[in-house]
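[1] The sequence isn't on hand, but the structure is:
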């Protein structure tokens, strides 16, 4: 969203040292106040003690298979740009199974959270990550 719109997005995510992510261009990491128009939330993966109010929810959904792999690679290399050549599902299927089961629980929690917010009347817009990548401008216009 930042690259397409030119507007800095905030994020509740912190690695306790957000500077490496900021060097990679994510300058709004750990910013959740009115300095940013959009706050990226990694709910239900809450990494910091941040609490903030919102008046709309934009949910960017992605293939769960891609989410699980992306999160695994992020936590290994602290970057969304690094991809590892090892094949964990084949090399260590037991560990991979634990990772998948953990993420499936978190994804279920996320959707339960969204249902609660919808039932409470929050305005909500859904977009797909793949659409933001393949058709960024029209999809971003749809968001706003």
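    Received, thanks. Fair warning: this is a prediction, and the values are worked out from it, not measured in the lab.
[2] hey, let's count contacts and neighbours off CA atoms from now on
    Fine.
[3] Run through the helices of the chain in chain order.
    Listed in chain order, the helices of the chain (DSSP state H) span 2-5, 19-23, 64-77, 88-91, 93-119, 129-134, 136-143.
[4] Helix or strand with the lowest mean pLDDT in this structure?
    Across the helices and strands of the chain, mean confidence by mean pLDDT, DSSP states H and E is lowest for helix 19-23: a mean of 63.
[5] Read off the pLDDT value for the residue of the chain positioned farthest from its centre.
    When distances are taken from the C-alpha mean of the chain, residue 91 lies farthest, 26.8 Å away, according to CA atoms, centre = their mean. Looking at residue 91, its pLDDT is 88.
[6] Look up how far residue 122 lies from it.
    Applying CA to CA, to the nearest Å, the value for residue 91 to residue 122 is 44 Å.
[7] Check which residues of stretch 63-70 are buried.
    Buried residues in stretch 63-70, counted by 16 or more other CA atoms under 10 Å: 68, 70.
[8] Nearest to residue 39, out of the helices of the chain?
    Residue 39 lies closest, by CA to CA, to one member of the helices of the chain: helix 2-5, at 11.2 Å.
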